[in-house]
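J.: need coordinates for the below:
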Amino acid sequence: MMPNTPPGKPTPRAARQNESSSISAQVYRQLHSAIIRGEISPGEQLSESEIARQYSTSRQPVREAFIKLADERLVSIQPQRGTFVVKISIADVLDARFVRETIEVAVAQEAATSTPLTAVKELRDLIERQRALEPGHNDEFLALDEEFHRTLALSVGRAHAWRVIESIKAQMDRIRYLSLDDATPIHLLIEQHRRILDGIEAGDPLAAAAAMRSHLREITVSLPDIADRFPELFTAD
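T.: Reported below is the predicted structural model:
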């Protein structure tokens, strides 16, 4: 006979599963961030047992985090060898950019005819917060950049579209992080955001779409320079 469990209270097994899921999500977020920022080098091996010790957990939550990172092509799980941070693939970056452009240009067009004024104000505030940042605050700039694009997608009810973008943009994010110091001037990215929002606020789908397209293609300008400066970070596609 199953023991009585108070209504609304998870069973011990469910509680353990929830705890494991929470730890797995935490491990995933921290490793994802470290790989994007280059704090863990491409080619470096990740130790399942060592990470489990750091979090005082079993290997299962760590293994789940590794699988999610592998789905984003940030790590390679090699049986009998281990888990390794993958190098950046130019082909993967360009494929992700293509998918992202297809979705976000459509979002910008839709936003020009349906985004509420409250969302426009929120987007304008995000641009001003980017503009107010002191040089070198790359983490904060990229967080605000992500929030701008997410807010825009949600303003037209495209939450699922944004989740698709999140699932494929990890390789782009690695390039974006490398590009902010030299390859892509921050003031240019802010100006591109402003043009996108100006098109939306003017109710001009063509202008909003063109500005978004130009913005997302900026990575193709900086990519060759970054690959030349950091050849050790890239695969030979």
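J.: quick check: closest non-adjacent residue to Asp95.
T.: Ile168 (7.9 Å; Cβ to Cβ, 6 or more residues apart in numbering). To be clear about C-beta, it is placed using only N, CA and C from the backbone, and glycine gets the same treatment.
J.: over to Leu144?
T.: Nearest one to Leu144, counting by Cβ to Cβ, 6+ apart, is Gln130 at 4.9 Å.
J.: count of neighbours near the one you found?
T.: 23 (other Cβ atoms under 10 Å).
J.: residues of the helix or strand where it lies that come out buried?
T.: According to DSSP states H and E, Gln130 maps onto helix 117-132. For helix 117-132, a neighbour-count test (16 or more other Cβ atoms under 10 Å) marks Ala119, Val120, Glu122, Leu123, Leu126, Ile127, Gln130 as buried.
J.: ok now it, how far from the chain's centre?
T.: Remark: helix 117-132 is offset 20 Å from the chain centroid, using Cα atoms, centre = their mean, to the nearest Å.
J.: stretch 47-55 too?
T.: That offset, for stretch 47-55, works out to 24 Å (Cα atoms, centre = their mean).
J.: can you list contacts of it?
T.: Identification of contacts with stretch 47-55 by Cβ atoms under 8 Å, 6 or more residues apart in numbering yields Ile23, Gln26, Val27, Leu31, Ser58, Arg59, Pro61, Val62, Arg63, Phe66, Gly82, Thr83.
J.: among those residues, who's most crowded?
T.: Val62 (26 neighbours).
J.: my guess is it contacts Gln26. True?
T.: No. Applying Cβ atoms under 8 Å as the test, Val62 and Gln26 come out as separate, 10.4 Å apart.
J.: contacting residues around the residue nearest to Pro42 when sequence neighbours are not counted?
T.: Closest residue to Pro42 apart from its sequence neighbours, by Cβ to Cβ, 6+ apart: Lys87 at 4.1 Å. With contacts defined as Cβ under 8 Å, 6+ apart, Lys87 is in contact with Pro42, Gly43, Leu233, Phe234, Thr235.
J.: so the closest residue to Arg158 other than its chain neighbours: helix, strand or coil?
T.: Of all residues not flanking Arg158 in the chain, Val107 sits nearest, at 5.5 Å (Cβ to Cβ, 6+ apart). The local conformation at Val107, judged by DSSP: H, G, I helix; E, B strand; the rest coil, is helix.
J.: for Val107, grab the count of nearby residues.
T.: 24.
J.: the one 3 residues further on too?
T.: For Glu110, the neighbour count with other Cβ under 10 Å is 21.
J.: which residue, other than its chain neighbours, is closest to it?
T.: In space, and not counting its chain neighbours, Glu110 is closest to Val156: 4.7 Å by Cβ to Cβ, 6+ apart.
J.: need the contact list for Met212.
T.: Glu101, Glu104, Val105, Val107, Ala108, Ile196.
J.: the third one reaches His215, doesn't it?
T.: This points to Val105. No. Counting by Cβ under 8 Å, Val105 stays clear of His215, with 9.7 Å between them.
J.: no more questions from me, cheers.
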